[in-house]
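> Curious how this folds, go ahead:
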Amino acid sequence: MKLSYLLALISLVVLASCGEKTKNSTELTLINGGRTYGGELVFSYSEPITELFPLAAAHQHVINVSSQIYETLLNIDPKTLKVTPSIASSFTVNEAGDVYTLKIQKGIFFHDDECFGGKGRELTPEDVKYSLDFACSGNELNDDNNVLVDQIKGASEYKASSKKSFPKGGVSGIKIKGQSIEITLNRPFIGFEALLARKNIVIFAKEAYEKYGKEITHHPIGTGPFKLEKMDQNGLRLVRNENYWQKDAFGNQLPYLAAVSMKYIREKKNEMLAFRNKEIDLLLDIPADEIENVLGTLQDAVAGKNLKHKVESSYSLSIDYIGFNTAEGVFKSKEVREAFYFAVDPSELIENYIGGDGYPPYNGFVPEIEGANNTIQIPVSNPEKARKLLAQAGFPNGKNFPVTTIYVNGVEGSKNHALVQGFVKAIKRELNVDLTIKLCSLTEREAAINSGEASIWRSGWVADYPSPVTFLNLFYSNGKQFNKFRYNNEVFNSNLQAALVEKDPRKRGFHFIKAQSEIIEDAVVIPLLMNNMLIMVNARVKGITANQLEEISFKEVFIKEPRDEEDKTE
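Numbering: from 1, shown residues only. A predicted model of the protein is given here:
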C-alpha cells in the first residue's frame, strides 16, 4: 500500500515537472483551445535596445519590448481604444472629476530576482504608490515626469524636492486606501485614466531600484508575461514568466511562448532577407512597395518556394513630420518656416519617393482621433507664396541662406532617408536652398535636438493613448515644462489646458482645434504623412495583430506550424 502510494506520488511530481518543462521549452505542446505552449518567436528592429526602463524610454521600439516585462495600472484595448483593467481591477471617479480611486488586484507577483532574495513577492498598493511617486519625481531616470506632474496634487513640489533622494511620504495627492490607491488632481482632467494606461507609467518594486539604482535600466523587474534573460549590442532575449497571473479564455496560463528574441538588424534589406530565410518570424514597418520583394520572385511562387505568411495592416495614429528649432538660428523666423512649409507637397513626396506608403496629413498634425476632427483649413503647397515669404525673411531666391543640416534617423536607402531626400529636393527646386542630410541614430538625433545643434530634423510620433492631447502636448510649455521645438505660445497653452478640464465633448473639441490651428499658423512643424501599421508574420505565428497604437503584445501569441495544404497567405 505504501509502495503504491509512493509510486503514485512520484508519478504526479514527474508529470508536474514535465508540464512546467513543456511550457518553458522550445518544443510545442497542444493545450486547450487549440493553442500551444512552447516555441520561440524571433523579430528584429533597425535600432538597438540597450536599456529597458519605461520611464526613461522615449521610442516606440523600446516601449514595445519593455511592455512585455512591465505592466501598467490600466490598459487600452488596441481594437476599441477603450480603457480596460490591468493591475488595477477597476477605478472610480468622484462627481467633481478630480479624485480617482483604483482598486489593486491581489495575486500578482514580481519576477523572481535577487532583489527579493531570489523569489518574487506579491505586488501591493505600496508598490503602486512608490511607482507613481517615482513617475512624478525629479530623478534623472524619469524622462517622462511632466505627464503626471502637472496633473496630480503635490507632484510639482515633490519633483522639485526629489532630484537627489525621495522625501518621506511621497506625492501628497497619491494615497493608499486599503487595497486601493487614491489620486487627487489639481483640477479635473477628462480622460486622466488613459494616462495611467501609458506604457511608460509602469509598476515596479522599491527593492529593484534600491538594489540596482541607475543599473535598473539593465535589470528590468516587473510583473509582465516575460522576463529579460540577456541583452547586448546584438539584441535581447525574453523568457516566459512561469508565475504570470493572467489566464486565457480557455483557462490556460499565459503566456504561451517559451521565449521571444529581438535581433538588431540595421539594414531593412537584410531584415527582409532574414524573414525570407526563416531567421525571424516578424517584419515590422515594411515599406509598402517592398512587400512583393520580401518573398522572392514569381518563379519562386510558382515553384512553391515562398514562405507561408500573412500580412496585417491597420490605420496608425501616427505622424511623420519635419521639426524646427523656433527659438534660435535661421528657423527662429516664422517667414522662413512658412516658406519651407509652402514649398513642399506631401502628396508628391509620398507618391514619388516612398512608393505611396502613407497618406497626406489632411487633418493637420493630429490624426483623426475622437475630439480632433478638423474644421480648420489646412494650408496646401504654394511655391510662389513660399518664395515671397523667403524673400521677406531676407533670403531672396535663397541668397545668403546659411549652410543647414537636416538630421534624419535612418540608414542609406531607408524610408526615412527617401522621404527626406524628396523634401530636400523640393526645397532646392522651389527655394534654391541647399540642405545637407545627416543620417544618424535616434539617440544621436535626440542629442542634437536637445543641445540645439539641430535646427531642423525629421521625426515621427505615435499616440501612446487615443487622445489629441498625446500629440498636442509635444508643443506645450509653461515655464517649467519645455518642448524640443522651443515653442511657447500662450494661446496654444491656454486652449490645451482648457480642453483638459472641459466636460462637454463639443467644447473640448473646439479647444483642441484652436490649439492645433496655432501650431499650423506658426509653422512649428511640417506634417508630411500619416502611416499605416504594416507587419508581415510567418504563418506559424498566431495571435499577433496590427493596431492603431502600433503596440505589439506577445502575451497571447503562440506557434502552430502550418500544414502543407494550407494557403501560403492569410
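
> Residues touching the helix or strand T184 falls within, excluding its own?
For T184, the element it lies in under DSSP states H and E is strand 180-184. Strand 180-184 is touched from outside by 73, 88, 98-104, 125, 128-129, 132, 152-153, 173-176, 192, with contacts defined as Cβ atoms under 8 Å, 6 or more residues apart in numbering. Where you see a C-beta, it was placed from the backbone N, CA and C, and this is true even at glycine.

> Now with 10 Å, please.
Applying Cβ atoms under 10 Å, 6 or more residues apart in numbering, the contact partners of strand 180-184 are 73, 87-94, 98-104, 125-126, 128-129, 131-132, 148, 151-155, 171-176, 192-193, 196.

> Could you check the pLDDT of H59?
pLDDT, H59: 85.

> Spatially central residue for the protein, please.
Geometric centre of the chain, nearest residue: Q60, 3.2 Å, by Cα atoms, centre = their mean.

> residues in contact with that residue?
By Cβ under 10 Å, 6+ apart, Q60 lies in contact with 45, 47, 199, 284-285, 318, 442, 460-462, 464, 549-552.

> switch to 8 Å and redo it
V462, E550.

> Also the one 5 residues further on?
The neighbourhood of V65, defined by Cβ under 8 Å, 6+ apart, consists of I49, L52, L236, L238, M262.

> Distance-wise, check it relative to S314.
20 Å (Cβ to Cβ, to the nearest Å).

> Run through the residues that contact V83.
L74, N75, I76, D77, E193, A194, A197.

> should've said V537
D281, L282, L283, H309, K310, V311, E312, I544.

> how about it, secondary structure?
Counting by DSSP: H, G, I helix; E, B strand; the rest coil, the backbone at V537 sits in strand.

> With E271 instead?
Of the three states, E271 takes helix under three-state DSSP.

> mind showing which ranges of the stretch 51-200 of the chain have poor pLDDT?
In the predicted model, the stretch 51-200 of the chain carries pLDDT under 70 at residues 144-145.

> so which of the contacts of V65 is the most crowded?
L238 (27 neighbours; other Cβ atoms under 10 Å).

> now the helices for the stretch 1-150 of the chain?
2-23, 60-66, 125-135, 146-149 (DSSP state H, counting those that start in this stretch).

> among the contacts of V83, which two are most distant?
D77 and E193 (12.9 Å; Cβ to Cβ).

> The two - which one has more neighbours?
E193 (19 against 13).

> in what helix or strand does that one lie?
E193 is part of helix 192-195, with elements assigned from DSSP H and E.

> tilt between the strand holding T184 and helix 125-135?
For strand 180-184 against helix 125-135, the angle by axes from the mean of the first three to the mean of the last three Cα atoms, to 10 degrees is 30 degrees.

> thinking L282 is in contact with L41, fair?
Yes. The pair L282 and L41 passes the contact test of Cβ atoms under 8 Å, sitting 6.8 Å apart.

> shared neighbours of the two, which are they?
V541.

> For the two, work out which one has more neighbours and name it.
L41 (24 against 21).

> how close does the closest residue to M536 other than its chain neighbours get to N450?
Distances taken as Cβ to Cβ, 6 or more residues apart in numbering put L283 closest to M536, at 4.2 Å, once the chain neighbours are dropped. Between L283 and N450 the distance, using Cβ to Cβ, works out to 32 Å.

> Also R563?
For R563, the distance to N450 - Cβ to Cβ - is 53 Å.

> neighbour-wise, which of those two wins?
N450 (10 against 7).

> of the contacts of V65, closest to N409?
I49 (14.5 Å).

> Which parts of the protein belong to which domain?
70-217, 227-315+533-559, 318-529 (automatic domain parsing).

> quick one on the thing from earlier: from the contacts of V537, pick the one nearest H111.
Among the contacts of V537, and counting by Cβ to Cβ, the member closest to H111 is I544, at 23.0 Å.

> which element follows the lowest-mean-pLDDT helix or strand in the chain toward the C-terminus?
When the helices and strands of the chain are scored by mean pLDDT, DSSP states H and E, helix 298-302 comes last with a mean of 45. As assigned by DSSP H and E, the chain's next helix or strand after helix 298-302 is strand 309-315.
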